[in-house]
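> Sequence and predicted structure are below.
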Amino acid sequence: MSNTAAARPARSQVDEKLTWDLSALFKSDDDWYATIEIAKKELEAIVAFQGHLCKDGKTLDDCLLILESTYTKLIQLGTYADLLQAEDGTNPKNQERAMFFGGIMTGFKASLSFIDSEITALDAKNYSQLFVECADLNAFKVYLDDIYDKKSHQLGAETEKTLASLGELSGSPYQTYSVSKAADMVFENFDDHEGMSLPNSFALFESNYEYSRYAPLRKNAYASFVKTLERYKNTYAAVYSAEVRKQIAMSRIRGYESATHMLLEPHKVPVDMYNKQIDIIYTELAPHMRRFAGLVKKQLGLPEMRFCDLKAPLDPDFKPAATIPEIENTLVDAMKILGEDYSGIIKKAFSERWIDFADNVGKSTGAFCASPYGSHSYILITYQENMRSAFMLAHELGHAGHFTLTNAAQRVFNTEPSTYFVEAPSTINEMFLGEYLMKKTMDSRMKRWVILQLLGTYYHNFVTHLLEAEFQRRVYAMAERDIPLTAQSLCSTMLEVLRTFWGDSVAIDDGAGMTWMRQPHYYMGLYPYTYSAGLSAATAISRAISEEGKPAADRWLKVLKAGGTLPPKELLAMAGLDMSTPAPIKVAVDYVGSLISQLEDLFK
């Protein structure tokens with residue numbers, strides 16, 4: 001008879017100190033529902049402007065001042081519902097709250113659709129005249145310009161209202177995926193290398209078992225994981241196909257050249273910039289990563305390098321301290337490179353319980369940071385006491401630091417930067433953490449370990465998410481040609497992406513073809529490629545800060561405070577970077593190659 005490890009706790013059983021404190025958003029559900037009623041009353045005041053919204057600049061400004069207040073409330077309301085759902089997706093009350101708010105948002109969007117319609121109905125002269133008539137309206141110019149720039153793709157007012165009223169249904173593919181993944185998927189226990197029966201889950205597999213030193217444990221955990229994915233692949237294919245088909249249909253209805261053009265519009269980058277990001281890394285990073293796979297195989301003495309071995313530790317006996325209190329001190333010190341005010345944000349994140357560290361049944365997998373305007377940020381992570389989790393936490397704290405500065409400096413409609421830029425402030429913190437740890441030691445084993453952590457960062461952004469982006473690009477190309485997106489076609493496409501990248505350096509089994517089922521990013525537009533864009537920028541900017549010190553750090557802080565007031569090319573130019581050229585991407589790829597070379601030397 002095999003031993004059995006303890007089951008994961010329910011949310012009610014975890015230590016409160018490991019959970020976030022949502023009272024900064026709402027003290028109770030009663031407060032949450034009361035705020036919805038206030039927002040509804042504000043909505044009535046906004047709708048009263050319908051039909052004469054743009055009669056003059058002052059009228060438009062009066063409406064937008066109310067909308068600004070309402071929008072802030074909606075952000076906070078939605079964040080509260082999303083965070084409770086993320087902490088425990090099995091809780092029916094959390095599911096009901098999220099669904100209830102989804103219905104509320106659909107109604108709001110339908111009622112507010114007249115704003116876009118009346119603004120885009122103006123000709124260029126009358127639109128410009130509004131800002132002349134009311135100088136205060138310039139506070140909303142970025143927001144208004146973003147609306148007006150979509151004039152050629154705007155449909156009739158009634159059509160727009162009808163589409164907005166379908167908002168809740170439009171988001172159903174992602175909602176279905178999220179609820180199923182959190183609440184329905186059950187993984188079989190598996191035996192580890194000592195015959196102990198271990199529980200499996202998305203969180204345990206992706207945060208723990210993939211990184212195990214024991215090949216039998218990795219193999220068995222992977223087999224258990226893939227077995228459950230296999231049961232769901234047809235359902236998830238139908239859900240993902242619905243998402244892609246929705247985007248294709250909307251792009252055609254609105255007259256875009258393709259869904260890719262439509263989805264890149266809010267990123268404010270051209271299609272060639274998107275393709276360049278994927279093409280360069282997919283082709284030029286592959287030889288470096290094949291070399292890395294060979295190093296792992298050699299060091300671990302593996303007969304063959306399998307897909308489930310790619311994240312195996314190369315020095316599992318070396319375990320620098322990574323408890324929560326220890327990593328708090330390390331992160332605070334590492335971020336002092338950006339000044340005391342910035343490192344103070346890190347301190348608050350720990351002391352004020354911005355972070356949910358716990359592992360419990362129903363908790364969302366992966367890690368994210370939500371930064372509701374008018375409150376502080378919230379970070380979800382299933383923290384394991386290893387440095388990979390510490391680097392993940394540094395990443396999410398980068399988002400928190402960014403939006404803490406942005407939200408303090410900008411009004412709510414000016415806070416959201418392009419998605420192309422948004423991962424730069426997070427990935428740069430991982431660079432700072434790695435550099436800090438390297439400077440603190442003369443021990444070659446420690447340096448080797450830090451290089452492995454940095455490679456973990458590049459693997460996450462330049463391999464995991466970049467391969468997602470290449471897969472996604474191929475899927476949209478298939479859908480544009482009306483090729484059915486079945487479980488078979490999605491899995492075969494994923495396998496082709498993986499096998500082309502890794503070549504014969506890794507044995508890619510058929511189960512790896514279901515990798516597309518593991519991430520929610522496919523339901524977030526063209527999000528996956530932005531991780532590599534952010535890290536490409538972060539690589540260059542972190543080097544500049546290390547070499548120049550305060551002047552470069554001050555430039556970066558100014559960029560962080562700018563929020564969404566500039567498109568990404570101009571925003572990064574403030575930090576001294578030109579992302580319209582291939583140079584920063586190639587420099588980052590070469591840097592990965594240099595890290596692998598250093599690692600090869602240190603393992604000799």
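Sure thing, it's come through.

> Which residue lies nearest the spatial centre of the chain?
The residue lying closest to the centre of the chain (C-alpha atoms, centre = their mean) is residue 368, at 6.4 Å.

> For it, give me phi and psi.
phi -150, psi 170 (degrees, to the nearest 10).

> wait, it sits on residue 380?
Yes: using C-beta atoms under 8 Å, residue 368 makes contact with residue 380 at a distance of 5.4 Å. C-beta: built from backbone N, CA, C; applies to glycine.

> which residues do these two both contact?
Common neighbours of residue 368 and residue 380, using C-beta atoms under 8 Å, 6 or more residues apart in numbering, are 86, 396.

> so what's the residue nearest to the centre of the chain up against?
Residues near residue 368 by C-beta under 8 Å, 6+ apart: 86, 379-380, 396.

> which residues sit against the helix or strand harbouring residue 142?
Following DSSP states H and E, one finds residue 142 within helix 141-148. Contacts with helix 141-148, where a contact means C-beta under 8 Å, 6+ apart, come from 64, 115-116, 119-120, 122, 127, 131, 137, 266, 413-414, 564-565.

> got it, and stretch 585-599?
Stretch 585-599 is contacted from outside by 276-277, 280-281, 284-285, 288-289, 291-292, 295, 314, 448, 451-452, 454-455, 458, 462, 532, 535-536, 539-540, using C-beta under 8 Å, 6+ apart.

> quick one: that stretch to chain centroid distance?
24 Å (C-alpha atoms, centre = their mean, to the nearest Å).

> Check stretch 486-504 too.
23 Å.

> need the helix or strand of the protein with the lowest average pLDDT.
Scoring the helices and strands of the chain by mean pLDDT, DSSP states H and E places helix 167-170 at the bottom, with a mean of 75.

> now the helix or strand hosting residue 131 against helix 141-148, angle please.
Assessed by DSSP H and E, residue 131 sits inside helix 124-133. With axes from the mean of the first three to the mean of the last three C-alpha atoms, to 10 degrees applied, the angle from helix 124-133 to helix 141-148 works out at 160 degrees.

> Which residues belonging to helix 124-133 are considered buried?
By neighbour count on 16 or more other C-beta atoms under 10 Å, the buried set for helix 124-133 is 127, 130-131.

> Next: stretch 498-506.
Under the neighbour-count criterion of 16+ other C-beta under 10 Å, stretch 498-506 has 498, 501-502, 505-506 buried.

> Quick check: the farthest pair among those?
Farthest apart among these by C-beta to C-beta are 498 and 505. That separation is 11.3 Å.

> that older thread, same question for the following helix or strand past the least confident helix or strand of the chain, mean pLDDT?
Per DSSP H and E, the first helix or strand lying C-terminal to helix 167-170 is helix 172-179. Per-residue pLDDT values across helix 172-179 average out to 88.

> chain center to the helix holding residue 131: distance?
Offset of helix 124-133 from its chain centre (C-alpha atoms, centre = their mean): 37 Å.

> Tell me which other helices or strands it touches.
Counting contacts by 3 or more C-beta pairs under 8 Å, 6 or more residues apart in numbering; DSSP states H and E, helix 124-133 packs against helix 57-87.
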